[in-house]
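Engineer: Any chance you could fold what I've pasted below:
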Amino acid sequence: MPAEATVCGTRIVVCVSKFGSLAEICADNPGAFLSTEDAREEGALDPGDLATVKRALAELGYVSVPEELLESDYEGPIAPECFEGDLRHLTLALPPRHAARLLDAQAAGVDEDQLLQLAAEALGETYFRDNGRRAHGLEVELTDLLDLQFRL
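Structural biologist: You can find the predicted model right below:
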């Protein structure tokens, strides 16, 4: 996004992975700031502009990955706190087999934790791993949910 089109007057750069639907959003250039939060604190990145870019990427099926995560050394699985403040609104059609598993489990009276586990498996396969086309072996856990809805 050119600098002239942003609130802060700093261009926003989006780097897209060639290995899957991952994208990095940066103020000015990758590495110009220590983190997305740092860019916001220094007045180079407007939260509204950032939200607009994240929304556009999500509509295209991309997952935004924080710049600071990509610039750090890999030390194992990432704690959910790294994504604090990032809300993700997903709307997708579950394949019939996943919908059937959820409905059958609900009819059988399983508890909410078990239903969430089934939903996580369904989202992991259909959204994050794209039915086996990316993120092989990625485990999905649903935590800190605000809302989860299913419609037939």
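
Engineer: For the helix or strand harbouring Arg101, enumerate the helices and strands it packs against.
Structural biologist: Here Arg101, judged by DSSP states H and E, is contained in helix 96-107. Where contact means 3 or more C-beta pairs under 8 Å, 6 or more residues apart in numbering; DSSP states H and E, helix 96-107 is packed against helix 112-123. Placement of C-beta: from N, CA and C, glycine included.

Engineer: Now find how far off-centre the helix it packs on is within its chain.
Structural biologist: Here the centre of helix 112-123 is set off from its chain's centre by 18 Å, with C-alpha atoms, centre = their mean, to the nearest Å.

Engineer: Kindly report the same for stretch 127-138.
Structural biologist: Distance of stretch 127-138 from its chain centroid, counting by C-alpha atoms, centre = their mean, is 13 Å.

Engineer: Surely Ala23 is in a strand?
Structural biologist: Yes: assignment of Ala23 by DSSP: H, G, I helix; E, B strand; the rest coil places it within a strand.

Engineer: Was I right to think it contacts Ile12?
Structural biologist: No: Ala23 is not in contact with Ile12 according to C-beta atoms under 8 Å; the separation is 11.5 Å.

Engineer: gap between the two ends of stretch 104-111?
Structural biologist: Length of stretch 104-111, first residue to last, C-alpha to C-alpha, to the nearest Å: 12 Å.

Engineer: Equivalent analysis for stretch 16-25, please.
Structural biologist: Chord length of stretch 16-25, first to last residue, is 9 Å (C-alpha to C-alpha).

Engineer: How about stretch 5-13?
Structural biologist: Length of stretch 5-13, first residue to last, C-alpha to C-alpha: 12 Å.

Engineer: Pull out the buried residues from it.
Structural biologist: Thr6, Cys8, Thr10, Arg11, Ile12, Val13 (16 or more other C-beta atoms under 10 Å).

Engineer: swap in stretch 112-126?
Structural biologist: For stretch 112-126, by 16+ other C-beta under 10 Å, it's Leu115, Gln117, Leu118, Ala119, Ala120, Glu121, Ala122, Leu123, Gly124, Glu125, Thr126.
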